[in-house]
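Colleague: Build me a model:
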Amino acid sequence: MGSKVTIEQVAQHSGVSLATVSRVLNHPELVSSKTAARVNASIRELNYSSAVGQYNSAEFEGDAGLIMVNIPWLDNPFYSEIVRGIRVAARSAGFDVLVSWDVPTASAVNDYCAMLRRCNASGIITLSPLEAETIERIDSTIPLVQCCEVNPEVDVPFVTIDDFAAARIAVEHLVSCGCSRLAIVSGPDTYKYARGRMDGFLSVAKAHGIDIEDGWIVRVPDNSYGLAHSAVCHMLESANAPDGVFACSDTYGAAVISAARRAGLTVPGDLMVVGFDNTDNAIMTTPTLTTVNQPRYRMGYTACNILLERMKGAAAPQSMTMETELVVRESTTRSRA
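Modeller: Numbers count the residues shown, from 1 in each chain. All right, here's what the predicted structure looks like:
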């Protein structure tokens, strides 16, 4: 139907008034999320030409538009390969990519959606831990795909890993190397990755009958090397220090290695360390860091392709949980026994 579709047809198709359709297009903060979702679904189905980010053909040609990528931390090296994968997939379909550094909250989601409309964004990939209401509100404005961080309360496609299973493999490796006094450095519980990796760590400790000292569970407010370094230095000051640390990111892992050196401990002689993500930080430390590899480029590339399918109107694109692998380097050894 393309550009010939009128706002009256959109209103009739979605079962609302003309005024309601106008509010969805211009002032969505005044409309309930369910009504906005219904109207936007009609807009996409009818290819109403005034809708933000919608197109008149099933395939994208030329400079099709803009894809937004929402990340919670601009200075976290973990996101770089994911964004690169997104950009390659987006450009192959004629889209540009814009990165948004923010964590939209329920109270600010209307302003965030207004920003998306101003940018004329066609779709969004979010790597932030968002509330269900926030995801639904954004998804009612433009198609959304979750990447890494997943809220299971919403029926929105995602690409992620099994953090619990990956953490178990990492901690089992520490145990197999002879570690019996285990510690963990993790991020805030608002993140799926932090909850899953903490649960995996604790499950391995329980399975091997290893008691975890209260001071050996370190939670860092964000992926900050400085904050992690300070907290681990304090942990290693005790006479009964751990002999194995599971760091839930390579940034944390690098901080543990540095803090151990400051405390006069050798790695892996006195203390073994396993990180997570397999970023460049893992090979820049001395010794190099054993870590869990996430297929970050493929995660971003796949998330973008799922988004493109949603933007073309594909019904319920399939979500994906990708495999991880342990990469053993110099910060662990099997020779301690």
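Colleague: in the chain, which spans are strands?
Modeller: 65-71, 95-101, 121-126, 144-147, 158-161, 182-186, 217-219, 244-247, 272-274, 291-293, 320-322, 325-327 (DSSP state E).
Colleague: tilt between the third one and strand 95-101?
Modeller: Calculated by axes from the mean of the first three to the mean of the last three CA atoms, to 10 degrees, strand 121-126 forms an angle of 50 degrees with strand 95-101.
Colleague: Can you find the helix or strand of the chain with the lowest average pLDDT?
Modeller: helix 18-26 (a mean of 71; mean pLDDT, DSSP states H and E).
Colleague: related to what we said a few turns ago, which of the strands of the chain sits closest to residue 261?
Modeller: Each of the strands of the chain has some distance to residue 261 by CB to CB; the shortest is strand 272-274, at 11.4 Å. Glycine gets a C-beta too; all of them are placed from N, C-alpha and C.
Colleague: Mind listing residues that contact the closest one?
Modeller: With contact meaning CB atoms under 8 Å, 6 or more residues apart in numbering, strand 272-274 is reached by 170-171, 173-174, 177, 179, 243-247, 253, 256-257, 260, 267, 289-292, 326, 331-333, 336.
Colleague: With stretch 290-297 instead?
Modeller: 78, 81-82, 84-85, 161, 166-167, 169-170, 173, 250, 253, 272-278, 282, 322-332.
Colleague: Just to be sure, which of those residues are found in helices?
Modeller: 81, 82, 84, 85, 166, 167, 169, 170, 173, 250, 253, 282 (DSSP state H).
Colleague: Buried by neighbour count, from those: which ones?
Modeller: 81, 82, 85, 166, 167, 169, 170, 173, 250, 253, 282 (16 or more other CB atoms under 10 Å).
Colleague: now the residues you listed as JSON lines including pLDDT?
Modeller: JSON lines is the format used below for those (pLDDT from 0 to 100):
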{"residue": "81", "pLDDT": "95"}
{"residue": "82", "pLDDT": "97"}
{"residue": "85", "pLDDT": "96"}
{"residue": "166", "pLDDT": "98"}
{"residue": "167", "pLDDT": "98"}
{"residue": "169", "pLDDT": "98"}
{"residue": "170", "pLDDT": "98"}
{"residue": "173", "pLDDT": "98"}
{"residue": "250", "pLDDT": "97"}
{"residue": "253", "pLDDT": "98"}
{"residue": "282", "pLDDT": "96"}
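Colleague: Name the member of these with the shortest distance to residue 141.
Modeller: Closest to residue 141, out of all of these and judged by CB to CB, is residue 82, at 22.5 Å.
Colleague: so how far is residue 283 from residue 253?
Modeller: Distance, residue 253 to residue 283, by CB to CB, to the nearest Å: 11 Å.
Colleague: What is the neighbour count of the residue lying closest to residue 242 once chain neighbours are set aside?
Modeller: Leaving aside its sequence neighbours, residue 242 sits nearest to residue 183 (CB to CB, 6 or more residues apart in numbering; 3.9 Å). Residue 183: 26 surrounding residues under other CB atoms under 10 Å.
Colleague: re earlier: for the ones in helices among the contacts of stretch 290-297, work out which two are farthest apart.
Modeller: 84 and 173 (28.4 Å).
Colleague: Residue 199: how many residues sit nearby?
Modeller: Around residue 199 there are 14 other residues, counting by other CB under 10 Å.
Colleague: nope, residue 14 is what I was after
Modeller: Neighbour count of residue 14, defined by other CB under 10 Å: 22.
Colleague: In contact with it: list those residues for me.
Modeller: 21, 38, 39, 41, 42.
Colleague: number of nearby residues for the first one?
Modeller: Around residue 21 sit 26 other residues, with neighbours defined as other CB under 10 Å.
Colleague: Dump the strands of the chain into TSV; add distance to residue 204 and mean pLDDT as well.
Modeller: Shown next, in TSV, are the strands of the chain (distance: least, CB to CB, whole Å; pLDDT from 0 to 100):
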stretch	distance to residue 204	mean pLDDT
strand 65-71	30	96
strand 95-101	35	95
strand 121-126	30	96
strand 144-147	27	97
strand 158-161	17	98
strand 182-186	8	98
strand 217-219	14	96
strand 244-247	9	98
strand 272-274	12	98
strand 291-293	14	98
strand 320-322	20	96
strand 325-327	13	97
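Colleague: Out of those strands, flag the one nearest residue 312.
Modeller: So among these, strand 121-126 is nearest, using CB to CB, at 10.2 Å.
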